[in-house]
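Chemist: compute the structure for the input listed below.
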Amino acid sequence: MKMTLPFKLNRARKPDPFLTALLEQTAQLKKGAHAVIVYMETPDKENARTVARIEQAADEVRRLLILQLKRAFITPIDREDLFGLSRAIDDVLDYLFSLVREMYILRVAPNTHLKTMAEVLAQCAEALHLAVQHMERQSERASEYTMQVRRLGNRMDTLYVNALTSLYQDVETPEAVVSVLKLREIYRHMIHAANSAEQAANLINDVLVKFQ
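Modeler: Predicted structure coming up:
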C-alpha cells in the first residue's frame with residue numbers, strides 16, 4: 001500500500017520550510033563529503049579549509065532550522081524526529097570535518113583505506129540527500145535510499161576492520177606506534193560518520209513508518 005504522509009503538500013503551496021532545511025543540510029553534507037575526497041587526493045591547507053567552510057555553512061542551516069522549530073506551533077514531522085534527524089545529519093559532517101582537521105594538523109597522509117572509506121561516505125551522503133528529497137511525495141523511494149545507506153554502513157564496517165587489521169601489522173618502532181595512534185583516531189572518525197549516517201537513515205524510516 002502506498003504511504004500518504006501528513007506533510008504532503010499541494011503543488012500550489014510553497015515547500016515546507018523544515019523539509020527544505022533538511023534537504024539543504026544533506027546538500028551541504030554532499031558537498032562536504034566530496035570535499036573530503038578532494039582532500040584525500042590533494043591534502044593541502046586550502047582543501048582542508050574548504051571542508052571547514054562547508055561545515056560552518058551546514059551549522060548555520062541547522063541553527064536556522066532549530067530557530068524555526070522553536071517558533072513553530074505546528075510541524076509537518078514530530079519535533080523530536082525533526083531535531084534528531086537534523087542532528088544526525090550534522091554529526092556526519094562534524095566527523096568529516098574532524099577527520100580532515102586532524103589529518104592536516106597531525107600530518108597524516110591519505111592511504112588507500114582512507115580514500116576508499118571517503119568514497120563510501122560520499123555515497124552515504126548522496127543516498128541521504130535523495131531519501132530526504134523523496135520523503136514528501138515518494139516515500140517508497142525514500143525508504144529504498146535509506147536501505148542503501150544501511151548497506152553502505154555494512155560495507156564501511158568491513159573496511160574499518162580491514163584498515164585496523166592492516167594498521168597493527170609491523171609495529172616495531174616508536175615512530176610506527178605514533179603513526180598507528182594517529183591513524184586509529186582518523187579511522188574512528190570515519191566509522192562514526194558512517195554510523196551517524198545510518199542513524200539518520202533510521203530516523204527517516206521511523207517517520208515514514210509512523211505515517212503509513
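Chemist: just for this structure, where's the confidence low?
Modeler: Applying pLDDT under 70 to the chain picks out residues 1-15, 72-76, 170-174, 176, 211-212.
Chemist: if you set the cut-off to 80 instead, what comes out?
Modeler: For the chain, the stretches with pLDDT under 80 are 1-18, 72-79, 136-137, 168-178, 209-212.
Chemist: grab the nearest non-local neighbour of the residue nearest to the spatial centre of the chain.
Modeler: Nearest to the mean C-alpha position of the chain, counting by CA atoms, centre = their mean, stands residue 92 at 3.5 Å. Leaving aside its sequence neighbours, residue 92 sits nearest to residue 196 (CB to CB, 6 or more residues apart in numbering; 4.5 Å). (Glycine included, C-beta is placed from N, CA and C.)
Chemist: next, the buried residues of the host helix or strand of that neighbour.
Modeler: Secondary structure from DSSP states H and E places residue 196 in helix 174-210. Residues of helix 174-210 classed as buried: 179, 182-183, 186-187, 189-201, 203-208 (neighbour count, 16 or more other CB atoms under 10 Å).
Chemist: how about the residue nearest to residue 92, what does it touch?
Modeler: Counting by CB atoms under 8 Å, 6 or more residues apart in numbering, residue 196 touches 88-89, 91-92, 95.
Chemist: so which of those is the closest to residue 137?
Modeler: Using CB to CB, the shortest approach to residue 137 within those belongs to residue 89, at 20.1 Å.
Chemist: the helix or strand harbouring the closest one packs against which elements?
Modeler: For residue 89, the host element (DSSP H and E) is helix 79-105. Contacting helix 79-105 under the criterion 3 or more CB pairs under 8 Å, 6 or more residues apart in numbering; DSSP states H and E are the following elements: helix 17-41, helix 45-71, helix 112-134, helix 174-210.
Chemist: how about those helices, which one is nearest residue 154?
Modeler: Proximity to residue 154, assessed across those by CB to CB, is greatest for helix 174-210 (9.1 Å).
Chemist: pull the distance from that closest one to the chain's centre.
Modeler: Computed by CA atoms, centre = their mean, to the nearest Å, the chain-centroid distance of helix 174-210 equals 9 Å.
Chemist: run the angle between that helix and helix 79-105 for me.
Modeler: Comparing the axes of helix 174-210 and helix 79-105 via axes from the mean of the first three to the mean of the last three CA atoms, to 10 degrees yields an angle of 160 degrees.
Chemist: got the angle for helix 174-210 vs helix 17-41?
Modeler: 160 degrees.
Chemist: which SSE is residue 169 in?
Modeler: Using DSSP H and E, residue 169 falls outside every helix and strand.
Chemist: can you count the residues close to it?
Modeler: Per other CB atoms under 10 Å, the neighbour tally for residue 169 reads 9.
Chemist: would you mind measuring from it to residue 163?
Modeler: Counting by CB to CB, to the nearest Å, the separation of residue 169 from residue 163 is 11 Å.
Chemist: kindly report the same for residue 60.
Modeler: For residue 60, the distance to residue 163 - CB to CB - is 33 Å.
Chemist: with neighbour numbers in mind, choose between those two.
Modeler: The neighbour count for residue 60 versus residue 163, taken as other CB under 10 Å, is higher for residue 163 (21 against 11).
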